[in-house]
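Undergrad: below: sequence and its predicted model.
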Amino acid sequence: MVGGVGAQRNENGNDAPVRSNWERAEAEALYGLPFADLMFRAQSVHRENFDPNHVETASLLSIKTGGCPEDCGYCAQSAYYDTGLKASRLKARADVVATAQRAKDAGASRFCMAAAWRSPKDRDLDQVCEMVGAVKALGMETCVTLGMLTLRQAARLAEAGLDFYNHNVDTSPEFYGRVITTRTLQDRIDTLAQVRRAGIKVCSGGIIGMGERVEDRLGMLVLLANLQKHPESVPINLWNEVKGVPVYATAERPDPITHVRLVATARIMMPKSVVRLSAGRQYMTDELQALCFLAGANSIFIGDVLLTTENPKADRDANLLNRLGITSGLA
């Protein structure tokens, strides 16, 4: 799933060369530019490909919580750790659709459904496909994250009308084994390939603040930017504090300027991808979020809860975007 230079069409219908042959040293050189130069370059790339004064708004719901058999060291939903989270069964379709309708009414254009599985069983996938169809009938884009997929499972989701599949690479190849042992990085890349083959758009990013180095964050971007086709959505998650998991002992929240530098570097390396400020925004000041938007971030999750952790209140988001003159689905 790696390649050289190809053409990918941006949302304005323009074709431009997009690189898939980045070297780590090149990413480091971009990241290390004087701040004003880096921001100017990122904002210039952003304006070439997107409306710089618009932010996409999405909503995320956990449709099956906890009891996951993976040992991801950052996750409250892993069965390996005592985080005080109670496992639940798959939600009923009616409840999921009702939540999606509320999200749409609140301003979300995309509805994302997450299940804490290693990989879905066929009987569960049947129910998820029904949810996808019902949410699409509301006029929303759909996204799911269900763990690893076979090509057949990906094809079934495509037939149900799924727009996006989320499967994060999480971190750099070098740091990955320090956080997860039950699923390899290649497993994740293979699932992304299945999703692509089925014709579903890819949402894939990672997590910062787990104790990794800047080099690891850039290694994650290089991995994503060297996929044969860049992910349509790239979520950058700031680790949400969870007691009881191994990462709690190693976590270190990134300096705000390094966070902005990472967003700007992602924008330059993946010019046509939507870059989402995902989990952890409750830790970010308005000023930090504003700089991230200036650096090229153009998507956020709205709603008070993301899976099992907090998210900024809708009125705070609406107030911030209004002060910045940024349009979104929020009133």
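TA: Nice, I can see it. All of these numbers come straight from a predicted model, not from anything done at the bench.

Undergrad: can you report phi and psi for F111?
TA: phi -120, psi 120 (degrees, to the nearest 10).

Undergrad: bridged to it, which residues?
TA: Using DSSP bridges, the beta-bridge partners of F111 come out as S59, T142.

Undergrad: my read is that it contacts T57, right?
TA: No - with contacts counted by Cβ atoms under 8 Å, F111 stays clear of T57, the gap being 10.8 Å. Placement of C-beta: from N, CA and C, glycine included.

Undergrad: please say which of the two ends up with more neighbours.
TA: The neighbour comparison of F111 against T57 (other Cβ atoms under 10 Å) goes to F111, with 27 against 23.

Undergrad: low pLDDT regions in the chain?
TA: 1-17, 304-312, 331 (pLDDT under 70).

Undergrad: which stretches of it form strands?
TA: Along the chain, counting by DSSP state E, strands occupy 5-9, 15-19, 56-64, 110-115, 141-145, 164-166, 201-203, 206-208, 233-238, 274-277, 299-302, 305-306, 309-310.

Undergrad: and these: which comes nearest S44?
TA: Proximity to S44 (Cβ to Cβ) singles out strand 15-19 among the strands of the chain, at 12.9 Å.

Undergrad: surely Y80 meets D71?
TA: Yes - applying Cβ under 8 Å, one finds Y80 in contact with D71, separated by 4.6 Å.

Undergrad: now the common contact residues for those two.
TA: Shared contacts of Y80 and D71, defined by Cβ atoms under 8 Å, 6 or more residues apart in numbering, are absent.

Undergrad: for the residue nearest the centre of the chain, name its beta-bridge partners.
TA: Centroid-nearest residue in the chain, with Cα atoms, centre = their mean: P235, separated by 2.7 Å. As for beta bridges, P235 partners with R276 under DSSP bridges.

Undergrad: contacting residues for it?
TA: Neighbours of P235 in contact, by Cβ under 8 Å, 6+ apart: N166, N168, C203, S204, G205, G206, R276, S278, A279, S299.

Undergrad: quick one: buried ones out of those residues?
TA: Buried by 16 or more other Cβ atoms under 10 Å: N166, N168, C203, S204, G205, G206, R276, S278, A279, S299, out of the contacts of P235.

Undergrad: export stretch 75-91 to PDB, keeping only CA atoms.
TA: Coordinates of each C-alpha in stretch 75-91 appear next as PDB, following Å, rounded to 0.1, in the frame of the first residue of the first chain:
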ATOM      1  CA  CYS A  75      -7.700   2.300  26.000                       C
ATOM      2  CA  ALA A  76     -10.300   2.300  28.700                       C
ATOM      3  CA  GLN A  77     -12.200  -0.400  26.800                       C
ATOM      4  CA  SER A  78      -9.600  -3.100  26.900                       C
ATOM      5  CA  ALA A  79     -10.500  -6.200  29.000                       C
ATOM      6  CA  TYR A  80      -6.900  -6.400  30.100                       C
ATOM      7  CA  TYR A  81      -7.100  -3.500  32.500                       C
ATOM      8  CA  ASP A  82      -9.300  -2.400  35.400                       C
ATOM      9  CA  THR A  83     -10.600   1.000  34.400                       C
ATOM     10  CA  GLY A  84     -13.900   0.800  36.100                       C
ATOM     11  CA  LEU A  85     -15.700   0.600  32.700                       C
ATOM     12  CA  LYS A  86     -18.600  -1.800  32.500                       C
ATOM     13  CA  ALA A  87     -18.900  -3.800  29.200                       C
ATOM     14  CA  SER A  88     -22.200  -3.500  27.300                       C
ATOM     15  CA  ARG A  89     -23.900  -5.300  24.500                       C
ATOM     16  CA  LEU A  90     -24.400  -3.900  21.000                       C
ATOM     17  CA  LYS A  91     -27.000  -1.100  21.100                       C
END
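
Undergrad: identify each buried residue in that stretch, please.
TA: For stretch 75-91, by 16+ other Cβ under 10 Å, it's C75, A76, Q77, S78, Y80, Y81, T83, L85, L90, K91.

Undergrad: redo the residues you listed as JSON lines? Include distance to A193.
TA: JSON lines is the format used below for the buried residues of stretch 75-91 (distance: Cβ to Cβ, whole Å):
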{"residue": "C75", "distance to A193": "24"}
{"residue": "A76", "distance to A193": "29"}
{"residue": "Q77", "distance to A193": "25"}
{"residue": "S78", "distance to A193": "25"}
{"residue": "Y80", "distance to A193": "27"}
{"residue": "Y81", "distance to A193": "30"}
{"residue": "T83", "distance to A193": "32"}
{"residue": "L85", "distance to A193": "31"}
{"residue": "L90", "distance to A193": "26"}
{"residue": "K91", "distance to A193": "29"}
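
Undergrad: how about the helices in the stretch 201-331 of the chain?
TA: In the stretch 201-331 of the chain, the segments counted as helices under DSSP state H, counting those that start in this stretch are 214-225, 256-269, 286-295, 314-324.

Undergrad: okay, those in CSV with distance to T142 and mean neighbour count next?
TA: Listed next are these as CSV, based on distance: least, Cβ to Cβ, whole Å; neighbours: other Cβ atoms under 10 Å:
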stretch, distance to T142, mean neighbour count
helix 214-225, 22, 23
helix 256-269, 24, 23
helix 286-295, 25, 19
helix 314-324, 21, 16
